[in-house]
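**Student:** from the sequence below, what's the structure:
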Amino acid sequence: MPDWFNSFIVILSNSWVFILSPAIFVFYIRNDWLAFRFSVITASFFLYGTLIHSSLSEFDDIFVWRYVVWAFNDIAWMAIIAYLGIKDKVYLWQSVLGQLVVVMAPILQLFRVIDIHLWDLSYSTYMYKTLLPLINIGTVVVCYLPMIYLFTRRNRLADTIPK
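**Tutor:** Here you go, the predicted structure:
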């Protein structure tokens, strides 16, 4: 395999993009453009985070800017999803639910900065390592919800057809 392909696979395997790829594929095949846009935007933000993680860690030796960048990344995602939800480019219910899941992430990022530099407590370490993966998992689940709705709706329709 070419080196660029192997590095691309490593990026995908270290990212939530790999987990979102089946949803993106299914929404594209089914022409569900609202769910497709939501999943692609979420995957692109996850991919962006994966791409800048190592260089951001090298640059930020005082552990401040990385949390500010991650908080800004989450706020930017929320703003784009909110705008697209208002303009009917993504499902409004998915936009609201996604923002409810992610709203804790920027607060947690900024709390981490304050805890490390002002309070010097270890509370944020445990909260950060526990809650942030749960927020990311919740975001991925929100991306898959239109597919889950589609499968449950199909089962209900199959049950109502007379035999």
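
**Student:** for the rest of this, base every contact and every neighbour count on C-alpha atoms.
**Tutor:** Will do.

**Student:** mind pulling up the pLDDT for residue 65?
**Tutor:** Listed pLDDT for residue 65 reads 80.

**Student:** whoops, residue 49 was the one
**Tutor:** 85.

**Student:** now it: how far from residue 82?
**Tutor:** 20 Å (Cα to Cα, to the nearest Å).

**Student:** who has more neighbours, the two?
**Tutor:** residue 82 (20 against 17; other Cα atoms under 10 Å).

**Student:** and that one, what helix or strand is that in?
**Tutor:** Under the criterion of DSSP states H and E, residue 82 resides in helix 65-86.

**Student:** tell me which other helices or strands that helix touches.
**Tutor:** Applying 3 or more Cα pairs under 8 Å, 6 or more residues apart in numbering; DSSP states H and E, we find helix 65-86 packed against helix 33-59, helix 92-102, helix 104-114.

**Student:** rounded mean pLDDT for the second one, please.
**Tutor:** Translated: helix 92-102. Mean predicted confidence for helix 92-102 is 94.

**Student:** do the same with stretch 133-144
**Tutor:** Mean predicted lDDT for stretch 133-144 stands at 90.

**Student:** quick one on the thing from earlier: and the helix holding residue 82, what's buried?
**Tutor:** 66-71, 73-75, 77-78, 81-82, 84-85 (16 or more other Cα atoms under 10 Å).

**Student:** picking that back up, which one of the helices and strands packed on helix 65-86 lies closest to residue 21?
**Tutor:** helix 33-59 (8.1 Å; Cα to Cα).

**Student:** packing partners of that closest one?
**Tutor:** Using 3+ Cα pairs under 8 Å, 6+ apart, helix 33-59 sits against helix 3-13, helix 17-29, helix 65-86, helix 123-160.

**Student:** what do you get if the cut-off is 6 Å, keeping everything else the same?
**Tutor:** Counting contacts by 3 or more Cα pairs under 6 Å, 6 or more residues apart in numbering; DSSP states H and E, helix 33-59 is packed against helix 17-29.

**Student:** any idea how far the helix it packs on is from the chain center?
**Tutor:** With Cα atoms, centre = their mean, to the nearest Å as the basis, helix 17-29 stands 13 Å off its chain's centre.
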